[in-house]
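1. with the sequence up front, the predicted model follows.
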Amino acid sequence: MSWLDKIIDAIVSWIRRCIPVYNPAAWNDNDGIQFNNNCYNYACDVQTGTYAQPGRASGHLRPAPFTCQGVGPAAQWDGLRAVDCDRGCGCRDCCHKVALVIAPGPGFNDFHWYRLDRSGGWSHKPGGTPATNLDNSGNPITDPRTADRGAYTVFCGCYCVCKGKVTIN
Amino acid sequence: MSTNDQPVVFLQVYSGQPDPSWPLEGEALQEVVERVRAARAQRTAEAPPPVLGYRGFRIENPAGGELPPTTTVWRGVVVAVVDGTTETWRDQADLEGFLLGEARRRGHSELLKAVDAPSASSPQTG
């Protein structure tokens, strides 16, 4: 490996240090951690034990019905930053990327978040059930825009979660 | 979460917002106790990976006694923590089917229909 490759590797490693490692065991305890932390907790990589709701920590909780126009800005009040899904979060801050989707109904209205892991794959935690890197068809999630999301048919967009700049509850 | 020591059933269907829940008491509690006891007779493979939408039920029982502290059931598999160890059993007494009936009786029929929950229990796996 040339000195240039080593420098590039070092830079890439430095940037990726902020991206969470896919480690479902840290969430899937079949007990309080798993049951009291939802998709928003998992995507933000913060275990509050409060089933965190976008906007609640910042005093901008939006009641149902859940829409991209309601949940997205509420999350931004918590400190998340909107970003083009095809772009990274930059290296100025220590950030990782997440994605918001909505189940629009009728009869079933909810929101859900995915996160991009250090491996380059995406993972998620459906409510109080275990975290997984598989979609509804059992396939690894390479892109939440094309994954089988069941009833969560509306893709809202991507956001950056930057350490020290996001507070959820 | 329950606010006292009474067992509570959670219909695991949402991801972002809290799941519907209700206290487990009376004849329904006894029915669940018997069906969990029957399930313990046969171990099975691991539970299927979670999906978005309907994912069965979770019973939280903080007081201990006849039920494990936590029990989940979905697609024919019962998962419970017994003495700190997670065990998986075959839902041979159709605990999931019984809880589906309870959920419908408590007014969640439209929600279950919207997420294509089974009309009775799910096919058994494992």
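-> Now that the structure is in, tell me what you want to look at.

2. use CA for all of it now, contacts and neighbours both
-> OK.

3. show me what secondary structure element comes after the lowest-mean-pLDDT helix or strand in chain A.
-> When the helices and strands of chain A are scored by mean pLDDT, DSSP states H and E, helix A:3-16 comes last with a mean of 79. Using DSSP states H and E, the helix or strand that directly follows helix A:3-16 along the chain is helix A:32-36.

4. would you mark the buried spots in stretch B:24-35?
-> Of the residues in stretch B:24-35, B:24, B:29, B:32-33, B:35 count as buried by neighbour count, 16 or more other C-alpha atoms under 10 Å in any protein chain shown.

5. name the SS class of the most centrally placed residue in chain A, please.
-> The C-alpha lying nearest the average C-alpha coordinate of chain A belongs to residue A:43 (C-alpha atoms, centre = their mean; 2.7 Å). The three-state label given to residue A:43 by DSSP: H, G, I helix; E, B strand; the rest coil is helix.

6. also the one 5 residues further on?
-> Three states are possible here, and by three-state DSSP the one that applies to residue A:48 is coil.

7. measure it to residue B:16 for me?
-> Here the distance between residue A:48 and residue B:16 works out to 14 Å (C-alpha to C-alpha, to the nearest Å).

8. the more surrounded of these two?
-> In terms of neighbours (other C-alpha atoms under 10 Å in any protein chain shown), residue B:16 is the more surrounded of residue A:48 and residue B:16; the figures are 26 against 16.

9. since we're on the residue in chain B that chain A sits nearest to, how many residues are nearby?
-> Per C-alpha to the nearest C-alpha, residue B:15 is where chain B lies closest to chain A, at 3.6 Å. For residue B:15, the number of neighbouring residues by other C-alpha under 10 Å comes to 27.

10. tell me the secondary structure at the residue of chain A found nearest chain B.
-> Using C-alpha to the nearest C-alpha, the single residue of chain A nearest to chain B is residue A:127, 3.6 Å away. What three-state DSSP gives for residue A:127 is coil.

11. sketch out the low-pLDDT regions of chain A for me.
-> Judged against pLDDT under 70, chain A has no low-scoring part.

12. meant to ask about chain B, not that
-> B:1-4, B:120-126.

13. please save the CA atoms from the one helix or strand residue A:161 maps to in CSV.
-> Secondary-structure element containing residue A:161, defined by DSSP H and E: strand A:154-162. C-alpha atoms of strand A:154-162 as CSV (Å, rounded to 0.1, in the frame of the first residue of the first chain):
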residue,chain,number,x,y,z
VAL,A,154,-44.2,7.3,1.5
PHE,A,155,-40.5,8.1,1.4
CYS,A,156,-39.9,11.6,3.0
GLY,A,157,-36.2,12.1,2.7
CYS,A,158,-32.9,11.9,4.5
TYR,A,159,-31.4,13.8,7.5
CYS,A,160,-28.1,14.0,9.3
VAL,A,161,-27.8,13.2,13.0
CYS,A,162,-24.7,15.1,14.3
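
14. partners of it in the sheet?
-> Paired neighbours of strand A:154-162 in the sheet (DSSP bridges): strand A:81-83 (antiparallel), strand A:95-104 (antiparallel).

15. how many other residues sit next to the residue lying closest to residue A:122 once chain neighbours are set aside?
-> For residue A:122, ignoring the flanking residues on the chain, the nearest one in space by C-alpha to C-alpha, 6 or more residues apart in numbering or on different chains is residue A:116 at 4.4 Å. Around residue A:116 sit 24 other residues, with neighbours defined as other C-alpha under 10 Å.

16. list the contacts of residue A:116.
-> Residues counted as contacts of residue A:116 (C-alpha atoms under 8 Å, 6 or more residues apart in numbering or on different chains) are A:19-20, A:96-98, A:122-123.

17. show me what the nearest residue to residue A:158 once chain neighbours are set aside is bridged to.
-> Counting by C-alpha to C-alpha, 6+ apart, residue A:99 is the residue found nearest to residue A:158 once chain neighbours are left out, at 4.3 Å. Applying DSSP bridges to residue A:99 yields these beta-bridge partners: residue A:114, residue A:158.

18. isn't residue A:99 right up against residue A:147?
-> No: here residue A:99 lies out of contact with residue A:147, judged by C-alpha atoms under 8 Å, at a distance of 11.9 Å.

19. ok, the two, which is more surrounded?
-> residue A:99 (25 against 17).

20. name the residues of chain B found near chain A, please.
-> Residues of chain B found near chain A, taking C-alpha under 8 Å from any C-alpha of the partner chain as the criterion, are B:12-18, B:49-53, B:70, B:81, B:86, B:110-111, B:114-115.

21. which of those residues are buried?
-> The buried subset of the residues of chain B next to chain A (16+ other C-alpha under 10 Å) comprises B:12-18, B:50-53, B:70, B:81, B:111, B:114-115.
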